[in-house]
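**Q** The following block contains a protein sequence and its predicted model.
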Amino acid sequence: TSTAVFNIRRGELTLGGADNAVHSMSSAGACSVNCAESRAYRATVVASGNLSAARPHEYAGQYSVQLEPKTPTGKSSKAAIKCTVAECRANQITILGWSPDESEIYYLADPLLGRLGALLPGHTAIYGWNPQRNVVRTIHDSQDRLYNLASSWGPTLIDARVVKQEIVVVAASADQPPRLQTINLASGATRTLFDPNAELRRLTHGRAVWHTWPTSSGYPGRGIVVLPDEYRPGARYPLIITSYSCGGGLLRGGGSDNAPEFVAARHGFVAICVDIPIWEIIAREPDTSRMYPIACSVVTELIADQDKAGIIDRSRVGLCGHSFGADFGSYCLGHSLGKDPSHVIAAAAFRSGSVLERAHWDLFDTAAWMRDPVNGIYARLHLPDPRNDPAGRWRDISVANKAAQINTPLLIQAGDTEYLKSLPLWSALRDEGKAVEMHVFPEEPHRLIQPAHQLMNFERQIDWFRFWLKSEEDEAPSKRSQYERWRGLREASRAAAQSG
């Protein structure tokens, strides 16, 4: 692990070592995780609803700030003071610390994981709650995500030490690359300390716009739209849909590893990141397999919305996804969007994953807790033991079984730890003579971590959509064999369609 120290006075960023390593930013005392202590109180974050100890990551409710009065020994007493002001409730709350006079508790409220009033994911605000007066002061309200740790699951705000009423964070939004800045918790004023992405910002600033559309599922249709660089009102453009989470900082392929939106826009595509409220769906639906058709309906209604607005060419729509994005994307090809001619996806590119197949059960999900008939993941999906499935639930949810009716050219790029899960769909499409290609990246986990593989993945997805949706080929000599393969796939799939 490497650390770095930014000298504010000198404006210098230097690597840290044993003598100047960055220490834990949590407050002193017994507090260690998302809490802060004053002489009289311990501020914590508590769930507003029922939080399952077994599955806390699936909690789709909100949280609030709570104070626990301390006894003379420093331990919390049983009495607690819960903030009842509306601004004290959010889908994600991070305690920052106390004001110098200990009259206010500073915290960050973030609706990244779902709804928060009328706010969209990615909108972050910092507040100060005065428990004596029970009033909340808005300190800093922005469209940026604020974080100081880029974890494997995306930008995450960890406890930030308050120094002279300032915190240092990284600020980023859908069209704003990350920059290092301070936020004054007394005034809300910001100072930029280090901006390594000024040139990129000139190309992306003002380009990403949140958009909502009507849905029939009861879940919100929302996403971020990036129009082509040379967009002309009245013209219709091919569309690339990325998924399945947006608002976590600069768009770089949906939640991760999808076709990068701004690069797609440079090549004349409308690019839309669709934000699927996955945890809300899981929390509300008794049968969690409903998340696949629900996500498909959100995508279908987005296509209809953009077609009605006269922005897209409905016959040239591409869909890409990673993880759940690939799961529901493959489901769409086999169950809904592949059947209705008006909703056909003309090309698809999935980074890893495929909707559940029998091979998942047989080869991977063998742990007893996964197969538990009451609380296991398959029980919640209403999928029985496939060895005793008289209702044919596994057959119905399978996409590989529907390969004959799928005519969407499909690119699969998976890591070597996960590609076996994509083999049933790949082999079924290949047996049917359909246009499908798979690439396997060595030594990669769920998300790509090697820069060379990340670049290869992004570039190949863009090439794939340019080829199938715009009949364009990159003239780079190194890609000649790629296009020879793809032209062969196109001819073979046409022949298979004619013979079928």
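**A** Nice, thanks for sending it over.
**Q** now the helices for the chain?
**A** For the chain, the helices defined by DSSP state H cover 198-204, 261-266, 278-284, 291-308, 324-335, 358-359, 368-371, 377-380, 393-397, 423-431, 451-470, 480-499.
**Q** Which of the ones you listed has the highest mean neighbour count?
**A** Each of those was scored by mean neighbour count; the highest is helix 324-335, a mean of 26, by mean count of other C-beta atoms under 10 Å. (Glycine included, C-beta is placed from N, CA and C.)
**Q** re the thing from before, just put the helices of the chain in TSV and tack on distance to residue 62 and mean pLDDT.
**A** Below are these laid out as TSV (distance: least, C-beta to C-beta, whole Å; pLDDT from 0 to 100):
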stretch	distance to residue 62	mean pLDDT
helix 198-204	31	94
helix 261-266	29	97
helix 278-284	11	85
helix 291-308	21	95
helix 324-335	22	93
helix 358-359	38	87
helix 368-371	28	91
helix 377-380	22	89
helix 393-397	32	93
helix 423-431	38	94
helix 451-470	34	97
helix 480-499	48	90
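**Q** Nearest approach to residue 94 belongs to which of those?
**A** helix 278-284 (17.9 Å; C-beta to C-beta).
**Q** any idea how far the residue nearest to residue 35 when sequence neighbours are not counted is from residue 195?
**A** Take residue 35 and drop its neighbours on the chain: the residue closest to it by C-beta to C-beta, 6 or more residues apart in numbering is residue 44, 4.6 Å away. As defined by C-beta to C-beta, to the nearest Å, residue 44 lies at a distance of 35 Å from residue 195.
**Q** Look at those two and report which has more neighbours.
**A** residue 44 (21 against 13; other C-beta atoms under 10 Å).
**Q** what are the bridge partners for that one, then?
**A** Counting by DSSP bridges, residue 44 forms beta bridges with residue 66.
**Q** Surely it and residue 95 touch.
**A** Yes - counting by C-beta atoms under 8 Å, residue 44 touches residue 95, with 7.2 Å between them.
**Q** which residues do those two both contact?
**A** Common neighbours of residue 44 and residue 95, using C-beta atoms under 8 Å, 6 or more residues apart in numbering, are 34, 35, 65.
**Q** Going by distance to residue 168, which of the residues you listed wins?
**A** Of all the shared contacts of residue 44 and residue 95, residue 168 sits closest to residue 34, with 18.2 Å by C-beta to C-beta.
**Q** What is the burial count for the closest one?
**A** Neighbour count of residue 34, defined by other C-beta under 10 Å: 18.
**Q** Verify the contact between it and residue 46 for me.
**A** No - if you go by C-beta under 8 Å, residue 34 and residue 46 don't touch, sitting 10.3 Å apart.
**Q** returning to what we had before: give the contact list for the residue nearest to residue 35.
**A** Residue 44 touches 34, 35, 65, 66, 67, 68, 95, counting by C-beta under 8 Å, 6+ apart.
**Q** separation between it and residue 461?
**A** According to C-beta to C-beta, residue 44 and residue 461 sit 43 Å apart.
**Q** Next: residue 410.
**A** According to C-beta to C-beta, residue 410 and residue 461 sit 12 Å apart.
**Q** tell me, what's touching these two both at once?
**A** By C-beta under 8 Å, 6+ apart, residue 410 and residue 461 have these common neighbours: residue 349.
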